[in-house]
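Asks: could you work out the structure for the sequence below:
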Amino acid sequence: METNRTRDTSSLVLPSAEVVDSVRANLLTRLPEAGVGEAEAIKHLNSYVLPGLNRASSSPHYYGFVTGGATTIARLADNLVTEADNSPQVHLPRETVATEVEDCALRMVCDLLALPPKDWPHRTFTTGATASNVVGIACGREFVIQHAANKLAASVSVGDDGLVKAMAKARVSDVQILTTVPHSSLRKASSIVGLGRSCVIEVGQSHRRHLFDMEALESQLRRPGIASIVVVSCAEVNTGFFATTGEDLRQIRKLCDEYGAWLHVDAAFGLLARALSDSEEYSALKQGVNGLELADSIAGDAHKLLNVPYDCGIFLSRHLGIGVEVFQNSNAAYLNSASSEIIESADRPIPSPLNIGIENSRRFRALPVYGSLAAYGRTGYREMLERQIRLAREIARFIAASEHYELLPNVDEDRPMEDRLSTIYIIVLFRAKSQAVNEELVKRVNATKRIYISGTQWEGRPAARFAVANWQADAKQDLQLVQDVLLQVVQQ
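Replies: Residues are numbered from 1 along each chain as shown. Alright, predicted model coming up:
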């Protein structure tokens, strides 16, 4: 990736406790009567707010949540977003090109992912994968209830009738979400759209919970009077493992078609694996994203591996009509008349974002995506991801060979090391062999402030996780620091 920006290695990942306490003590908790003035406010922000923030985005050594940084061009574009302050939600083709830039950005995203834009007419930006999952589950809810109603020759719309009336008309007693090792946002989404967190049912294999048990899946799908949404976890959050292969997705697609289910893919950070080359080095990862084109909808995060600023998620669906059924902004003539205008010279219709997403107004978050994709292209993003994978695999190799640590999951520990490493994407799950060290491993590592990792649970015990997602990641420059810190904390 060609960039003029020097890697940011000058600062610690976290501010010191003393700095945080000092900043907290100087925060304003009451509204000033006359205001402090612009000059003093600028000084306050620079001196008493900025020093108390972490460097999760700017530092290449933040490995906590799957948090990308912001590429040089994405940062510049984000400043331009604030300068212009356009909302792309209402399509005003004779007044601003904001909506067209968004459409172009989403088309380039589809190109990067080898998903033909014409097959994904419902495409929009959201605040993140959580919101994209909400959109996907809302669309799935509409589809499966309409499908059940169609078999009764009934006309039903959840968007118009509401969930309770629509289910009654369609003679659907419940809607369930069938998945494996779901991200927490899936249950949040199911709550928001009125299905309830309890509707999420895991149908994973007993010994490899991230993989689908096809018999259990079909058994759930055939339940009478129950409508189903199937959700594929495309890169599980603790391990980075993929839930399916291309053959699995073809089988799931067939089952969804047979039983009238909606197929949604939660690919917050797994999605970009489709941009990898077809080399043997990445064949296991490519298998994990093979067949995603068979889904009805896909959720992704641009502020993860696309490395653009927060907050930017991606939603793609093959069913524009369903999206409009759910999200149309009706009874607002002052908006609808403006947003219905079509550019005379356009060779493609652009649906107003107003009618295919949650918000009626939002930030022009497409511009950093547009600028960054234009700057670095397919090759730049492929090379970026390959560097991230290479660092993750070298960290995993070090951990597996260490007398102090164990690489997780350990179900494959008898396999040759290169085979184990071939399944590593950007997540490295591990724990310390010493129980005493393991209990405070994450705390010790993060206390160095040289690198940052996150904690989790694995098989009922504490574990730690590296998530390599920053565009600056480089095994040659970063591996030694990681090794030094991991050795340092076990010797304390």
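Asks: helices and strands of the chain: which one bottoms out on pLDDT?
Replies: helix 333-339 (a mean of 51; mean pLDDT, DSSP states H and E).
Asks: confidence score at T6?
Replies: pLDDT, T6: 59.
Asks: mind listing what the nearest residue to D474 once chain neighbours are set aside touches?
Replies: Among residues not flanking D474 along the chain, R387 sits closest, at 5.6 Å (Cβ to Cβ, 6 or more residues apart in numbering). Every residue, glycine included, has its C-beta placed from N, CA and C. By Cβ atoms under 8 Å, 6 or more residues apart in numbering, R387 lies in contact with 473-475.
Asks: shouldn't R387 be within a helix?
Replies: Yes: per DSSP: H, G, I helix; E, B strand; the rest coil, R387 lies within a helix segment.
Asks: now it: how far from G35?
Replies: 47 Å (Cβ to Cβ, to the nearest Å).
Asks: need the outlier residue of this protein, farthest from its centre.
Replies: A34 (42.6 Å; Cα atoms, centre = their mean).
Asks: sticking with it, tell me its helix or strand.
Replies: In the assignment (DSSP states H and E), A34 maps to no helix and no strand.
Asks: let the chain start at 51 from now.
Replies: From this message on, residue numbering opens at 51, which makes the last subject A84.
Asks: all strands for the stretch 301-450 of the chain, in order.
Replies: For the stretch 301-450 of the chain, strands defined by DSSP state E, counting those that start in this stretch occupy the ranges 312-316, 347-351, 363-367.
Asks: tell me the one of the contacts of R437 nearest P171?
Replies: A523 (34.6 Å; Cβ to Cβ).
Asks: the closest one contacts L441, doesn't it?
Replies: Yes: at 5.0 Å, A523 and L441 qualify as touching, with contact defined as Cβ atoms under 8 Å.
Asks: re earlier: can you put the strands of the stretch 301-450 of the chain in a markdown table and add distance to N104?
Replies: What follows is these, written out as a markdown table (distance: least, Cβ to Cβ, whole Å):
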| stretch | distance to N104 |
| --- | --- |
| strand 312-316 | 26 |
| strand 347-351 | 19 |
| strand 363-367 | 22 |
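Asks: would JSON lines of the ones you listed with mean neighbour count be doable?
Replies: Supplementary listing: the strands of the stretch 301-450 of the chain in JSON lines, determined by neighbours: other Cβ atoms under 10 Å:
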{"stretch": "strand 312-316", "mean neighbour count": "28"}
{"stretch": "strand 347-351", "mean neighbour count": "29"}
{"stretch": "strand 363-367", "mean neighbour count": "27"}
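Asks: between those, which one is closest to A514.
Replies: strand 347-351 (22.2 Å).
Asks: domain assignment for the protein?
Replies: As given by automatic domain parsing, the domain ranges for the chain are 51-121+430-542, 138-412.
Asks: deepest of these, which one?
Replies: domain 138-412 (a mean of 20; mean count of other Cβ atoms under 10 Å).
Asks: and that domain, how far apart are its ends?
Replies: 7 Å (Cα to Cα, to the nearest Å).
Asks: find the residue at the geometric middle of the chain.
Replies: Nearest to the geometric centre of the chain sits A318, at 2.3 Å (Cα atoms, centre = their mean).
Asks: ok, that one touching G350?
Replies: Yes: when contacts are counted by Cβ under 8 Å, A318 is listed as touching G350 (6.3 Å).
Asks: the helix or strand harbouring V131: what's the following helix or strand?
Replies: Using DSSP H and E, V131 sits in helix 122-134. Proceeding N to C from helix 122-134, the next assigned helix or strand is helix 148-162, under DSSP H and E.
Asks: just the residues contacting that following helix, thanks.
Replies: With Cβ under 8 Å, 6+ apart, helix 148-162 has contacts from 134, 136-138, 140-143, 166-167, 170, 173-175, 322, 324-325, 350, 352, 356, 364, 366, 393, 398, 400, 402-403, 414, 416-417, 419-420, 423-424, 428, 431.
Asks: how far is it from where the chain is centred?
Replies: When C-alpha coordinates are averaged (Cα atoms, centre = their mean, to the nearest Å), helix 148-162 and its chain have centres 18 Å apart.
Asks: same check, this time on stretch 163-183
Replies: 11 Å.
Asks: that stretch: end-to-end distance?
Replies: The first and last residues of stretch 163-183 sit 19 Å apart, counting by Cα to Cα.
Asks: element containing the residue nearest to G310 when sequence neighbours are not counted, please.
Replies: Nearest residue to G310 in three dimensions, chain neighbours excluded: H197, at 4.0 Å (Cβ to Cβ, 6+ apart). Element membership for H197, per DSSP H and E: helix 179-200.
Asks: what's the angle between that helix and strand 312-316?
Replies: Angular relation of helix 179-200 and strand 312-316 on a 0 to 180 degree scale: 170 degrees, by axes from the mean of the first three to the mean of the last three Cα atoms, to 10 degrees.
Asks: tell me which residues touch F414, please.
Replies: Here F414 is in contact with 131, 134-138, 148, 151-152 (Cβ under 8 Å, 6+ apart).
Asks: helices of the stretch 401-542 of the chain, residue ranges please.
Replies: 416-451, 467-472, 485-489, 491-497, 525-540 (DSSP state H, counting those that start in this stretch).
Asks: avg pLDDT for the first one?
Replies: For helix 416-451, mean pLDDT is 98.
Asks: how far away from the center of its chain is that helix?
Replies: With Cα atoms, centre = their mean, you get 15 Å for helix 416-451.
Asks: and the angle from it to helix 148-162?
Replies: 30 degrees.
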